[in-house]
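*Asks:* Sequence and predicted model, in that order:
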Amino acid sequence: IFLSLFGASSVRGADLGGEEFVAEFSDPSAARRLEDEDDIQFRNIAIDRNTGTVYLGGINRLYQLSQDLKLIDLYETGPKEDSPLCHVGYDCPPNNQLKLANDYNKAVVIDYDHSRLVSCGSLFQGICTLHSLGNISAVEAQGKEPVAANSADDSTVVFIAPGPPNPPLTQVMYSGVTYTGNSPFRSEVPAVSSRSLEPGREFKIASSSATSGTQMYINSLVRDRYPINYVHGFQSQGFSYFLTNQMERTRQSPVVSKIVRVCQDDQAYYSYTEVPIHCKSEQGKDYNLLQAAYVDKAGAELAANLGITSFDVVLFAVFSTADSSQGIASQKPSNESAICVYPMNLIRKTFQENIQQCMSGKGDRGLDFISPSVPCINTRPTYIGEGFCGLDVNTPFGGSIPVLQAPLLTINEHLTAIAATTDGDDTIAFIGTDGGHLKKAKIESATNGTVLQNITIESGSAVQSPLLFDLTKDHLYVMTSKALKKINVKSNCIHQNSTQDSDCTAKQNSDQQSLLQ
């Protein structure tokens, strides 16, 4: 459906008053079409690293925007007639009744090797569609494999990184998906998988055989009562990672955050390993629910404190404690939040330590929600290096030694998003909140940070993850439920290293009042 069908007032890109607010995009006509206006309209965002073009995934709509958030193209993905009892492609049982259903965007990523946009939605068992990067209305192919969650709110994390058959030359699409259980066909969808992007094989499992492949399933006996929430995914130095929230055990138990890893050169997922990732204070307060994450280099000051170079990457993460009123296995976050940073060398060494222990015959293999846990088999290794890619024994493996850091900052608000950049030798983080604010903080060390400024983005509307910088890193794209805003993070006000600048504070208050009128 082409842009010409819509009036100019129905899809808006507007310049905003105020030094820090550069542009805004919203789509009031889409909001009016939703059955529940409280639904999160905008859900995913990707930025072309070559052109700066912005791609925005929402409910029933996919948008292509300029760097200044002017609408270039719009493609309607729904609503369409569907049923969870149907397989991909309207393969439905006799007498099954189709109903008009919304398409909730689950992922938007860019396949640079083939110059295509990948958009995954909830319709038709969670299929993905390939669009032209220059014109999203031009659909190049539609997947025939269920990939994403086929529901509005169950998690899906998708990213593209090297993978089989020949990394780093070949790129694959990694997906982590919550089991929804709302269809007899959901058993076909792996919890974690690597999928081909090669023309003609799009979205098929990248490597598969009769007994193995680049996929991992949750045990059919527990998957209905063992939800895994996938929060973030990224790749680093030959490995692909997912960050999750899941119960400690298959029976009702407290939720922990985990980091899941597979080797990119592993065609059988023998390297599949999970270890806990903790953000815990010295007093023992455990911020056990990961909310958002971001991976980038640290500034020179933070890098020196972490014992790494300014070329090494760091995982920045925001956590919350669980709302205990929801029960022992609560995945509902409270308003107690914390920020922790993890150098990637710490993460790699922790994986190495866990794997070395199991390969030496110590402990159990774990992960009984995937396959029955058995004692680790001593493979008599002399040394397991950081780049170890797995064996056909002691797999899949769940280590017990956590990646552990203490909070550098605690905040009594529910934090929902994070991005970080460098400013000279400093490391600056921008942190979104459930209340619609963006906090600027200086991260001084692994255990110390300072909030410098609080900016109102859209009061009462949660800032969504991810937060993404433009190509210059002078601007940040901030997404809320029904708006996408471009913020100048190098403006005089936001660039201040103090919240006490009265001129900036007064100016910001004035600007925000004008935006709300």
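*Replies:* On my side now, so go ahead. Numbering: from 1, shown residues only.
*Asks:* do you know how far residue 276 is from residue 257?
*Replies:* Distance, residue 276 to residue 257, using CB to CB, to the nearest Å: 7 Å. All C-beta spots, glycine's among them, are computed from the backbone N, C-alpha and C.
*Asks:* Neighbour count for the two, which is higher?
*Replies:* Using other CB atoms under 10 Å as the criterion, residue 276 and residue 257 rank with residue 257 on top: 25 against 19.
*Asks:* Bridged to that one, which residues?
*Replies:* Residue 257 has the following beta-bridge partners by DSSP bridges: residue 245.
*Asks:* I'd say residue 233 and residue 174 touch.
*Replies:* Yes. Using CB atoms under 8 Å, residue 233 makes contact with residue 174 at a distance of 6.0 Å.
*Asks:* between the two, what contacts are shared?
*Replies:* 158-159, 240, 242 (CB atoms under 8 Å, 6 or more residues apart in numbering).
*Asks:* Tell me who's in contact with the closest residue to residue 364 other than its chain neighbours.
*Replies:* Once flanking residues are discounted, residue 364 sits nearest to residue 373: 4.9 Å by CB to CB, 6 or more residues apart in numbering. The neighbours of residue 373, taking CB under 8 Å, 6+ apart as the test, are 364-367, 398.
*Asks:* returning to that earlier point: which one (most neighbours) among the shared contacts of residue 233 and residue 174?
*Replies:* Going by other CB under 10 Å, residue 240 tops the shared contacts of residue 233 and residue 174 with 26 neighbours.
*Asks:* Surely it is in contact with residue 161?
*Replies:* Yes. Between residue 240 and residue 161 there is a contact at 5.2 Å, judged by CB under 8 Å.
*Asks:* what do the two both touch?
*Replies:* 174, 234, 264.
*Asks:* State the distance from the last one to residue 353.
*Replies:* Taking CB to CB as the measure, residue 264 and residue 353 are separated by 21 Å.
*Asks:* Among the two, which residue is more densely surrounded?
*Replies:* Looking at residue 264 and residue 353 with other CB under 10 Å, you find the greater number of neighbours at residue 264, namely 23 against 13.
*Asks:* How about the contacts made by that one?
*Replies:* Counting by CB under 8 Å, 6+ apart, residue 264 has contacts 161-164, 167-168, 235, 238-240.
*Asks:* switch the cut-off to 6 Å
*Replies:* 162-163, 167, 238, 240 (CB atoms under 6 Å, 6 or more residues apart in numbering).
*Asks:* does the residue nearest in space to the middle of the chain count as helix, strand or coil?
*Replies:* Note on the chain: the residue nearest the mean C-alpha position is residue 232, at 3.1 Å, using CA atoms, centre = their mean. Secondary structure, DSSP: H, G, I helix; E, B strand; the rest coil: residue 232 is strand.
*Asks:* Please tell me the pLDDT value assigned to it.
*Replies:* Per-residue pLDDT puts residue 232 at 98.
*Asks:* Do I have it right that it meets residue 294?
*Replies:* No. If you go by CB atoms under 6 Å, residue 232 and residue 294 don't touch, sitting 8.1 Å apart.
*Asks:* out of the shared contacts of residue 233 and residue 174, what pair is the most spread apart?
*Replies:* 158 and 240 (11.5 Å; CB to CB).
*Asks:* So residue 376 sits against residue 363, correct?
*Replies:* Yes. With contact defined as CB under 6 Å, residue 376 reaches residue 363; the gap is 5.4 Å.
*Asks:* Buried ones among the contacts of residue 373?
*Replies:* Among those, the ones that count as buried by 16 or more other CB atoms under 10 Å are 365-367, 398.
*Asks:* Restricted to strands, list those.
*Replies:* residue 398 (DSSP state E).
*Asks:* Dump the buried ones among the contacts of residue 373 to TSV, plus distance to residue 306 and pLDDT.
*Replies:* TSV is the format used below for the buried ones among the contacts of residue 373 (distance: CB to CB, whole Å; pLDDT from 0 to 100):
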residue	distance to residue 306	pLDDT
365	32	95
366	29	94
367	30	96
398	27	97
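*Asks:* neighbours around the residue nearest to residue 135 when sequence neighbours are not counted, how many?
*Replies:* If the residues on either side of it in the chain are set aside, residue 135 comes closest to residue 73, at 5.9 Å by CB to CB, 6+ apart. Residues within reach of residue 73, counting by other CB under 10 Å, total 19.
*Asks:* ok, now the one 10 residues further on?
*Replies:* The local packing of residue 83 (other CB under 10 Å) involves 16 other residues.
*Asks:* That one contacts residue 98, doesn't it?
*Replies:* Yes. Applying CB under 6 Å, one finds residue 83 in contact with residue 98, separated by 5.2 Å.
*Asks:* who touches stretch 240-252?
*Replies:* Here stretch 240-252 has contacts from 161, 174, 176, 222, 226, 228-234, 253-262, 264, 289-290, 293, 328-329, 331, 369, using CB under 6 Å, 6+ apart.
*Asks:* do stretch 154-171 as well
*Replies:* In this structure, residues lying in contact with stretch 154-171 by CB under 6 Å, 6+ apart are 106-107, 109, 113, 148-149, 172-178, 180, 194, 197, 206-207, 214, 229-230, 233, 235, 240, 264-265, 267.
*Asks:* List the buried residues in it.
*Replies:* Going by 16+ other CB under 10 Å, stretch 154-171 has these buried residues: 154-164, 167, 170-171.
*Asks:* list the contacts for residue 335?
*Replies:* 412-414.
*Asks:* between those, which has the most around it?
*Replies:* Counting by other CB under 10 Å, top hit in these: residue 414 with 20 neighbours.
*Asks:* residues contacting that one?
*Replies:* Residue 414 touches 333, 335, 434, counting by CB under 6 Å, 6+ apart.
*Asks:* how does it look with 7 Å?
*Replies:* 320, 333, 335, 337, 433-434 (CB atoms under 7 Å, 6 or more residues apart in numbering).
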